[in-house]
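S.K.: only geometry, no sequence info:
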């Protein structure tokens, strides 16, 4: 599994590019508290679409419950910590 950590100011295009360049089939995106990506459910739908188009299984790791809830509405598995 590739674990990709994003910065708080990273945009959706950065996250999508990281999914595209991942060599593993399983990709976990680590989003910090206050991440710009976590501001919209549409962002998570776009990430899920990007992952599916690349035959990747995407998961979101985020400390904020609201971020995990948004990602879950897009059908993405969510975790609070990497060890989960």
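M.R.: Ah, there it is. In this text, all values refer to a predicted model and were calculated from it rather than measured experimentally. Numbering: from 1, shown residues only.
S.K.: Could you report the distance from residue 84 to residue 59?
M.R.: From residue 84 across to residue 59, the span is 9 Å (CB to CB, to the nearest Å). Backbone N, C-alpha and C define where each C-beta goes, glycine included.
S.K.: Following the lengthiest helix in the chain in sequence, what is the next regular element?
M.R.: Scanning the chain for the longest helix, with DSSP state H as the assignment, gives helix 41-53. Counting by DSSP states H and E, the element after helix 41-53 in chain order, helix or strand, is strand 57-61.
S.K.: between the helix or strand following that next one and helix 41-53, how many degrees?
M.R.: Once the chain leaves strand 57-61, the next helix or strand it forms, by DSSP H and E, is helix 65-73. On the basis of axes from the mean of the first three to the mean of the last three CA atoms, to 10 degrees, helix 65-73 is oriented at 50 degrees to helix 41-53.
S.K.: what comes up buried for helix 65-73?
M.R.: Buried residues in helix 65-73, counted by 16 or more other CB atoms under 10 Å: 67, 68, 70, 71.
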